[in-house]
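Novice: Here's a sequence, model it:
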Amino acid sequence: MERVKPLRADGQRNRERILAAAAELVGRDGAQASLEEVARRAGVGSATLHRHFPSRQALLEAVFRDGVAQLCAHAAAKPGKRPAAELADWLEELTVYTATHRGLAAALLAGPDGLSAEEICCTDMVFDVLNVLVARASSAGALHASATTEDLMQLANAIAVANEDDPHTARRVLRLALTGIRP
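Specialist: Predicted structure coming up:
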């Protein structure tokens, strides 16, 4: 495994400014926010932005990573006493988060093609947690035998994409859909 060289202080500051600008613009304009405007707001050139984030996907992953990490930590902190409810609650949190944060669902659905392990960290975190929750629910007989982690990720993301900027509707539609996955 290749070691990542730590950034110099100025490089770290540039990266943080790029992420702050990107978070603001993605929040306002969604995942298609202008990369040129991100660089301009961060006070860096386009080459600097691309040195830190070689693709739009890499930048989106970094922008969403913190929020997704919090969602994943929240799921890991819960005991598995009620596997079906735990799975449903976490899928609801994920769906509401992705509906609220425009572009995250599409970024997660884009998958790991051509990305480094660091760039797909966000997607991997979600799949890791969802795999555990699905296994618990399946073991408890609380999940339809044919439902897979990938199915549930697509379901949550499709609902989030269809209801971007409308987390209340996303929550309601997910709850309706989840009644169909229980045996």
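
Novice: and the helix or strand where L176 lies, what does it pack onto?
Specialist: Using DSSP states H and E, L176 sits within helix 167-178. The contact analysis (3 or more CB pairs under 8 Å, 6 or more residues apart in numbering; DSSP states H and E) places helix 167-178 against helix 83-100, helix 149-162. Quick note: C-beta positions are derived from backbone N, CA and C, even for glycine.

Novice: Format those as TSV; extra columns: mean pLDDT, distance to E24 and mean neighbour count.
Specialist: Converted to TSV, the helices and strands packed on helix 167-178 look like this (pLDDT from 0 to 100; distance: least, CB to CB, whole Å; neighbours: other CB atoms under 10 Å):
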stretch	mean pLDDT	distance to E24	mean neighbour count
helix 83-100	90	15	21
helix 149-162	92	21	19
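
Novice: need these in a markdown table with distance to A77, can you?
Specialist: Formatted as a markdown table, the helices and strands packed on helix 167-178 follow (distance: least, CB to CB, whole Å):
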| stretch | distance to A77 |
| --- | --- |
| helix 83-100 | 11 |
| helix 149-162 | 20 |
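
Novice: which is the next helix or strand following the lowest-mean-pLDDT helix or strand in the chain?
Specialist: Scoring the helices and strands of the chain by mean pLDDT, DSSP states H and E places helix 104-110 at the bottom, with a mean of 63. As assigned by DSSP H and E, the chain's next helix or strand after helix 104-110 is helix 121-139.
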